[in-house]
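Peer 1: Structure for this input, please:
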Amino acid sequence: MPPRSKTPISRRERPAKPALTRQGIVATAVSILRAEGPAKVTMRRLAKELDTGPASLYVYVANTDELHAAMLDELLGEVDLDAAAHGRDWHERLVGVLTSYTLVLFAHPELARAALAARPSGEHYLKLLERLLSLLDEGGVPPAQAAWGVDALLQAATATAAETSARAQAPHADQEWDALSEALHGADERAHPHLHALAAQLLDGTPQQRLSWHFRMLINGIAHTPVGD
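Peer 2: Below is the predicted model:
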């Protein structure tokens with residue numbers, strides 16, 4: 001066994017801890033999210049990772065809701081704001097950006113559900129809003145309709161991601177789908193004539209096709225629906 005040093009090590013000689021910053025806290029939270037899942041992203045876990053006390057974090061992040069909003073904004077940096085930018089009209093580019101946004105949320109189900117209430121206000125969210133507004137402007141959508149329409153588009157995309165991810169995680173999702181399909185196809189023609197006639201159409205189409213149609217439908221409605229008084 002090597003001899004123990006007789007020279008005491010002063011605390012001042014230990015490497016200094018990096019200064020806490022909001023950006024560093026959010027980046028660490030996202031890193032934990034990717035590596036261990038959202039359940040592990042707690043103030044206590046963050047504090048341990050950053051070698052500090054939980055109380056120190058609240059100087060930079062007021063609560064868990066604010067942390068989720070900041071994490072969401074960080075993840076929005078993955079949205080492809082130039083989706084299919086070349087050779088396609090503004091409708092399709094707008095659908096492409098919204099689809100990319102939906103897929104980013106779908107990759108993080110818990111954050112998708114939190115996004116229904118969270119209000120991100122960081123730079124990535126502002127860039128997303130700017131891109132959506134610029135595409136609506138390119139399509140000649142009046143400014144007031146575009147301003148209200150962006151909220152409707154993002155709300156629809158967020159709700160779709162939250163709903164789809166919840167269904168994907170449901171333990172009996174396949175059985176529930178089979179039961180619904182059987183019920184629609186077996187609907188009595190006299191009691192439910194419209195269900196009987198449209199049973200196949202109610203269930204057909206890929207998720208991507210239905211999502212794209214949903215966005216196109218909303219975009220067309222925004223373009224042709226004036227903002228009321």
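Peer 1: Could you look up the next helix or strand downstream of the worst-scoring helix or strand of the chain on mean pLDDT?
Peer 2: For the chain, counting by mean pLDDT, DSSP states H and E, helix 109-114 ranks last in confidence among helices and strands (a mean of 75). Next along the chain after helix 109-114, taking DSSP states H and E as the criterion, comes helix 123-138.
Peer 1: Now do the buried residues in that next one.
Peer 2: Neighbour counts using 16 or more other Cβ atoms under 10 Å place H124, Y125, L128, R131, L132, L133, L135, L136 of helix 123-138 among the buried residues. The C-beta positions use only the backbone N, C-alpha and C, and glycine is treated the same way.
Peer 1: Surely the first one touches G77?
Peer 2: It refers to H124. Yes - between H124 and G77 there is a contact under Cβ atoms under 8 Å: 4.6 Å.
Peer 1: chain center to the helix or strand harbouring A183: distance?
Peer 2: Assigned by DSSP H and E, A183 belongs to helix 173-185. Remark: helix 173-185 is offset 28 Å from the chain centroid, using Cα atoms, centre = their mean, to the nearest Å.
Peer 1: host element of the most centrally placed residue in the chain?
Peer 2: Residue closest to the average C-alpha location in the chain (Cα atoms, centre = their mean): L105, at 2.9 Å. Using DSSP H and E, L105 sits within helix 90-106.
Peer 1: angle of that helix against helix 123-138?
Peer 2: Angle of helix 90-106 versus helix 123-138, following axes from the mean of the first three to the mean of the last three Cα atoms, to 10 degrees, is 160 degrees.
Peer 1: helices or strands next to helix 90-106 in the packing?
Peer 2: In this structure, helix 90-106 makes packing contacts with helix 109-114, helix 123-138, helix 143-169, helix 207-224, judged by 3 or more Cβ pairs under 8 Å, 6 or more residues apart in numbering; DSSP states H and E.
Peer 1: Identify, out of these, the most deeply packed stretch.
Peer 2: Among the helices and strands packed on helix 90-106, helix 109-114 has the highest mean neighbour count (mean count of other Cβ atoms under 10 Å), at a mean of 20.
Peer 1: related to what we said a few turns ago, so can I have JSON lines of the buried residues of helix 123-138 showing pLDDT and distance to V26?
Peer 2: Shown next, in JSON lines, are the buried residues of helix 123-138 (pLDDT from 0 to 100; distance: Cβ to Cβ, whole Å):
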{"residue": "H124", "pLDDT": "94", "distance to V26": "11"}
{"residue": "Y125", "pLDDT": "93", "distance to V26": "13"}
{"residue": "L128", "pLDDT": "96", "distance to V26": "17"}
{"residue": "R131", "pLDDT": "96", "distance to V26": "22"}
{"residue": "L132", "pLDDT": "97", "distance to V26": "23"}
{"residue": "L133", "pLDDT": "97", "distance to V26": "25"}
{"residue": "L135", "pLDDT": "96", "distance to V26": "28"}
{"residue": "L136", "pLDDT": "97", "distance to V26": "29"}
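Peer 1: Good, we can wrap up now.
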